[in-house]
Every structure is written in C-alpha cells, then in structure tokens.
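Student: Have a look at this prediction, sequence included:
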Amino acid sequence: MRVDRRKFIGGGATFIATPLLLPGVLRAAGGAPPGVPPAPVAPVEVVHDTYFGQTLSDPYRWMENPRDPRWLPYLRAENRHARAILDALPGRRGLLKRITALSGDNANTLDVQRAGGMSFYEQRPLGANNNKLFVRSAAGIGRLLIDPTLHDTAASHVSLDWWRASPRGRYVVYGLSQNGSENSVLHVLRVSDGKDLPERIANTETAAPSWLDDESGFFYNLLTAAVGSPERYLDSEARWHRIGTDPAHDPLLMKRGLVAGIDYDRIQSPSISTTVGSRYAVLQLVDVRPEFRAYLAPLKEVLAGTAKWLRICTFEDEITDLSLDGDDLYLLANHGAPRGRLLRTAATAPNLGTAALVVPQGKDVIEHIALAHDGLYLSIMDGGISHLRRLARDGTLSDIQLPFEGALKGVFAQPEESGVLVSLTGWLQPASIYQVSAAGTVADAGITPMVDIDLSPYETRRLFATAKDGAKIPYTLVLRKDLHPDGATPTWISAYGSYGISYTPAFAPRTLALLDAGVIVGYANVRGGGEYGREWHRAGQLQNKPNTWRDLIAVCEDVIARKYTAARHLGIGGRSAGGITVGRALTERPDLFAAVIDGVGWSNPLRYVSEQDSYGEEPEWGAIADRAGYESLKLIDSYQAVRDGTPYPAVLLTTGVTDPRVAPFHVGKMTARLQAASSSGKPVLLRVDFDAGHGIGSTRAQADREAADTYAFLLWQLR
C-alpha cells in the first residue's frame, strides 16, 4: 500500500467549471471598480543565493517564515483586494447559486472495500458538504458509520483523510484532520455499534494501515518530526498496534538504522502490509517515485520482532506494484520494459533473475494489478484512456468490456472473493462503482446515485498536437455539439505532467454550465505524466522537464491553428505540481494566453528546503546540493523566471493556509513578483482560503466558492 504525499492534482477548482453571464462591466482586462482596496506592496528584502557559481536574487524570502508578523496581514490584504474585484463581477451571486445546485446534485464515491460480506464505501452523498463513510450489508441495507461534519464548528471543519476496514468487517481504522491540513489523528471504530474505541494516534497522515487476518491489530506508518518543519516526512517509522492497547507502547518494527542490512535514505517511508490468506508480510520503502524497494518475511517473525527480511527488489528494478497469492509473488516490472510486464517468483525465495514472465510488455501500459479469487486484474492505460484485463488462474488473459471509454479511478479486489469493484468515470460520464463478475459481466453496483443530467448536448474531441521535437501530444476538448468555433471561442486548457501520474478523464458536472456559456474546456496529456508509461514520465522529468510546459504550449498553438480560438481568448490552468507547467508556460510565452489559473501552484522549487513537503521530493525534481539537481530545479522555477517590464496576462493564484504539500509562500512570492513585474496592467490576484489546505479535505462549499471565483475571473478575461 503506497503512501502518497505528492504535490497532487486532486481537490480545488481545477476540475470544476462554472457559468457566468457576460458582465456588463469589468469585461476588459484590468479596470477594477472604484472602492477596491489596492493590492498590497510586499516589502522587498533581497537575499542573494549562490549555487555552483551562479548568484540568484530572492526579493521576498521573508515570506518563507509563517511566523513573520507581516505574513498573515499580507495574505489578508491580497485576499481583500481579490475579493473586492471578484465579488464585483456581475452575476457572481447567481453563479454561486448555480454551482451549489450542480455540485449538490452529484454524489461522489471515492473508495470501496468489501469485507465480511459487507461493502464499505466513502461517499459525499447528494447535498452533503463533505465525504462520509458508509457500510452496506449483503441485503443492500446501508448505514452511516463516520460523519466528520459532526465535528465542524463555525470556524473550522473536519475531513476524513483515509480509512481501512478489517478483513471480516469488525473494525474500521481511519484518520481525521482539521481544515484540509491532512494532519491525521488515527481512530478505530467498532462496526457493530458504530462506536469509537479509546485509542488515538496522532501524526498518522501517512498511516497506510494494513490489518491482520484475525483483526487483532494493524501495521501503520508514524511521522516523527514536527508539523510544518522541512523534516516532517523524514525518518518515519513502521509500527504495529494491537486493538485495545496503549498506542504509546506500540512495537517499533522498522526505522532507519534499526535493522542491520536494511539501509535507506531519510526520505523513504517504511510501510508493512499483509494480504488476506498469506503467511508473509511485505516491507516497502517508498518516496515520490512510482517504484519502490521491497522486502518479505514470515508474518509470525515480523510480529515477534525477529524478522530476517528477504530482498524482493530495489529502486533500480523499477517494480511499481506487487501482489502476494499464497506462495506466489507477482511483480509489475518496468526495468527494460517501460510500459510494464508481469513477473512471478516464489515468495519463499524471491528472485527477479529467475522470475517467470507471465504477461509481457505490450503496446499499452500496465498501471496496477489487483488480486481476486478468480485471478489478477490488470489496469491498463492508453494515452489517458483506461482498459481492464484479467489474468485467470489458468493463465488466460482476457479483456473486460467496460461500459464506456473513460478512466479507472480504482480497482478494488479481495483475494478471497471473485470479481472486483471498479470506479469508472469519463469526461461526460458520471463516476460510478461497477461490479465486475468472474464471468466478465459489468453492472452498476448501485452504490452511487444516478446523476439526473442530460448529457446528450455535449461531445468530446480527441486530438493530437505535434511538439517541436516531433512528439505527438494527446489532448481532449469538451464542448457543446451545437457550438461552432469561429477562431475566437473562449477556451480553457488544463495540464499537469508530473510523477508519472496520468491526467485522465474525470466527470465534473459544474463544467457543463461553462460549456453552456459557449466555452471549450480542454485537457492536455503533457509529458511528465504516465499516459504512455515510464518513457513518457522520464521525458518530462529532471532536465527533460521543459517538455512538460512546451507540450502545453504546443497544444495551445494547435488549438489556435485549428481555428477553435485565439490567444486573446485562451486561458490555461494547472494545480499543485501543475503550477510548474502553467507557471513556466506563462513566463516563457506570456503572449500566448489571456488568462492563467495557478491553483496552489509550486512556484519557487529552488526553495523546497524551507517547506514541509521538502527533501522527499528530490527524486522527481533533483537535489539542490547536486549541480545537476540545481540546474533541473532552476529550469522549473517560475518565480525566478519572472522578468520586470513584461506584459503578463491576467493571473489568478490560489492557496490554502494549512496546505501541507505546497507551502503557501510559493504562491505568495509568485503573486508579489508578478504584481511588481507585469507591465500589461492586467490583474494579478491572490485568493486565499484561511481554513483549507491543498484542496484535499476541502468541503463542497469551499470548492463551490473557489469555482465561482475561478471561472468568473476566466470569463471576465476570455470574452
């Protein structure tokens, strides 16, 4: 089970769009109405840094200290300026009402697990403000188990971060945190009566719990450094908790330096997991890379503290998934096969050199494997579109026909049960949970309520742009069927392109309102993602990272060349690590865009050493202490790329004060730098949520408000 702490694209307004009546005023760039408080002028205190003979200037280094007495007043002043402008846009009040209705009419089911003949599922029900956990019996009778909104106050909210039911469904272990901070406190709930047990474990943001078959307890990961410090995710520990005991005495099973022969870096997190019916435990050492190191030992020895861990793989072996099936160990290997191949070796003596080739590399990417009683299910990726295959017990590999072309957001399997549950969605297909039977039939599981929306007026168009190096970059446009682009149609293109994460279809009902306003919404599958496997990822990583934003530029130029739109009607957007993509596209080609949305964007990567989500990111971006790493980081630093006197387009930047993944100083510094440098007179606004973080854990109401602001700004600038 992976611990995911990447600068992730989930949450926020990147995937939601909203309608806006054409404003009667404020249509042109700039032109703030009377009475708007001016944007604050951030104090300039230049700090000079010298890296390998190169000296860089940083005028706003003071923003990196969240305890600086000027920091929160600066954020409040920027937000007052942004609020005054955004709130003055005609129609915004009606816009927010429309958004609220759209989001409330759509239930969202995230994760599903079958245990003890029951189905556990996390869902934001129709009209609800946040996700909750439910359980449904085999007879189809549902019951609410965990409602984090019961802990909300007028000034703060609580979110469900993660959860895992025990194998027979007796317990659920779960994490809660406040205000989108993801700083989880672990709880254990007894399913029979819905009551919490007494134990609480703090610092469990990266818990990744794994239960024993007998439900007596679970393994988990514990953070050991202070919240907000650059060491927060370093030197975490793997521990074991027995139900009903004091967590202060939980046995320590793995940390750096504890076990002779297992040496690893501070950035790797140890995670111990088991598989139902297996007599082994697996130790994974993970960081932001798709691959991991793994070891195996008999479960009894692990619990006794006498484990002699056998090595399964190193990072260099490029194993990205594994599954234990009795004494067989299946491995998804990418070394020498960048689109993935499936190997099998003996759990008693794992050996990659002698492992049997079960499924060779094909033209598409094998992303994940999931073990069910009737075989292994393989998630397949083809340029952003998902497929599902099953490797049966007799070795037969067959395709499972999915209901529509879209993206698998999860394949949920149990080793003791045949078939799987899958979460499937498309750009114009509402997300739902489907039951895949052992016979290969696929049917809606009845967990997610149907969305009562007429989708017949809309269509998608799958297109390809040609990058300067000849690479074909796929992208998708979503628009109304009756829209006839005339070369001046408002168009908004989003991109991500990091960590090997594929930018896949995801239904967002709010987008329909934007489409109804005559806007084209696009999604670019730029390099740095995983749409075509490890090669696609590496082609947008480290020194190759410029391909990521130049792919976005190529897509935008292609959209213009096809006469969909023009530069003065074109906007781009990115979130989190996607802030690199849009930030560098903005600074490299400011003439190409009318508006840019930079959501919780990583803007000043050269200063990662000052933030909580810091050193653990080095495998993806490079290490500042290394010359090659410094050069890579400088390439992606949008803040350092801003140039005085440049006519930049209109920019809306957003942040959340409790963000654990992208420190708010990135967005604060980028805002101040753009405001000081731009010669266009177009607005540069900073929108701040003071009770939210990265967007993960934000409430529906918070996402609605961000959507109203984001798309009101876009339509103001793109018309």
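Tutor: Nice, I can see it. Since the structure is predicted, the reported quantities are computational estimates derived from the model, not experimental observations.
Student: Quick check: residue 389 touching residue 401?
Tutor: No: contact criterion Cβ atoms under 8 Å: residue 389 and residue 401 do not qualify, at 10.8 Å. Where C-beta positions appear, they are placed from N, C-alpha and C, glycine not excepted.
Student: who has more neighbours, these two?
Tutor: Comparing residue 389 with residue 401 by other Cβ atoms under 10 Å, the one with more neighbours is residue 389, at 18 against 11.
Student: my read is that one is in a strand, agree?
Tutor: Yes: under DSSP: H, G, I helix; E, B strand; the rest coil, residue 389 sits within a strand.
Student: bridging residues for it?
Tutor: Legend: beta-bridge partners of residue 389 under DSSP bridges are residue 378, residue 399.
Student: From what I see, residue 592 and residue 555 are in contact.
Tutor: No: with contact defined as Cβ under 8 Å, residue 592 does not reach residue 555; the gap is 10.8 Å.
Student: what about residue 283, which SS state?
Tutor: Secondary structure assignment for residue 283 (three-state DSSP): strand.
Student: Also residue 674?
Tutor: helix.
Student: Phi, psi for residue 423 please.
Tutor: With angles defined as degrees, to the nearest 10, residue 423 sits at phi -100, psi 120.
Student: pretty sure it is touching residue 409, no?
Tutor: Yes: counting by Cβ under 8 Å, residue 423 does reach residue 409; the two are 4.2 Å apart.
Student: which residues do those two both contact?
Tutor: Common neighbours of residue 423 and residue 409, using Cβ atoms under 8 Å, 6 or more residues apart in numbering, are residue 431.
Student: Comparing the two, which residue is more hemmed in?
Tutor: Shown here are residue 423 and residue 409; by other Cβ under 10 Å, residue 423 has more neighbours (22 against 19).
Student: Next, the contact list for that one, please.
Tutor: Residues near residue 423 by Cβ under 8 Å, 6+ apart: 109-110, 112, 408-410, 412, 431-434.
Student: Pull up the gap between it and residue 161, please.
Tutor: Residue 423 sits 18 Å away from residue 161, going by Cβ to Cβ, to the nearest Å.
Student: Could you do residue 562 as well?
Tutor: Distance of residue 562 to residue 161, given as Cβ to Cβ: 43 Å.
Student: by contact count, what packs against the helix ranked longest in the chain?
Tutor: When the chain is scanned for its longest helix (criterion: DSSP state H), the result is helix 700-718. When contacts are defined as 3 or more Cβ pairs under 8 Å, 6 or more residues apart in numbering; DSSP states H and E, helix 700-718 sits against helix 71-87, helix 92-104, strand 491-495, strand 570-575, strand 595-599, strand 650-656, strand 684-689.
Student: among these, which is the most enclosed?
Tutor: Of all the helices and strands packed on helix 700-718, strand 570-575 has the most neighbours on average by mean count of other Cβ atoms under 10 Å, namely a mean of 29.
Student: just the strands in the stretch 151-300 of the chain please.
Tutor: In the stretch 151-300 of the chain, the segments counted as strands under DSSP state E, counting those that start in this stretch are 158-165, 171-178, 185-190, 195-196, 210-211, 217-222, 237-242, 252-254, 269-274, 280-286, 293-298.
Student: Rebuild those as CSV, extending it with distance to residue 587.
Tutor: Output for the strands of the stretch 151-300 of the chain, formatted as CSV (distance: least, Cβ to Cβ, whole Å):
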stretch, distance to residue 587
strand 158-165, 34
strand 171-178, 34
strand 185-190, 40
strand 195-196, 50
strand 210-211, 44
strand 217-222, 38
strand 237-242, 41
strand 252-254, 43
strand 269-274, 34
strand 280-286, 33
strand 293-298, 37
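Student: So which of those is nearest residue 711?
Tutor: Of all those, strand 158-165 sits nearest to residue 711, with 23.9 Å by Cβ to Cβ.
Student: Residue 321 against residue 332, yeah?
Tutor: Yes: taking contacts as Cβ under 8 Å, residue 321 lies within contact range of residue 332: 3.9 Å.
Student: The two: which is more packed in?
Tutor: A direct count of neighbours by other Cβ under 10 Å for residue 321 and residue 332 places residue 332 higher, at 25 against 22.
Student: can you pull the contacts of the more buried one?
Tutor: By Cβ under 8 Å, 6+ apart, the residues touching residue 332 are 319-322, 340-343, 366, 368-369.
Student: hmm, 6 Å instead?
Tutor: Counting by Cβ atoms under 6 Å, 6 or more residues apart in numbering, residue 332 touches 320-321, 340, 366, 369.
Student: Quickly note the distance from it to residue 500.
Tutor: According to Cβ to Cβ, residue 332 and residue 500 sit 13 Å apart.
Student: Just list whatever residues bridge to residue 133.
Tutor: residue 122, residue 146.
Student: how many other residues sit next to it?
Tutor: Residue 133: 21 surrounding residues under other Cβ under 10 Å.
Student: Could you do the one 3 residues further on as well?
Tutor: The local packing count at residue 136 equals 18, with neighbours defined by other Cβ under 10 Å.
Student: That one touches residue 120, doesn't it?
Tutor: No: using Cβ atoms under 6 Å, residue 136 makes no contact with residue 120, being 8.0 Å away.
Student: how is the chain carved up into domains?
Tutor: The record's domain parsing of the chain by automatic domain parsing lists 52-102+453-718, 107-250, 257-362, 376-450.
Student: The first one spans what distance, first to last residue?
Tutor: The one in question is domain 52-102+453-718. By Cα to Cα, to the nearest Å, the extent of domain 52-102+453-718 from end to end equals 43 Å.
Student: Show me what counts as buried in the lowest-mean-pLDDT helix or strand in the chain.
Tutor: Using mean pLDDT, DSSP states H and E, helix 510-516 stands out as the lowest-scoring helix or strand of the chain, at a mean of 83. Applying a neighbour-count criterion of 16 or more other Cβ atoms under 10 Å, one finds 510-515 buried in helix 510-516.
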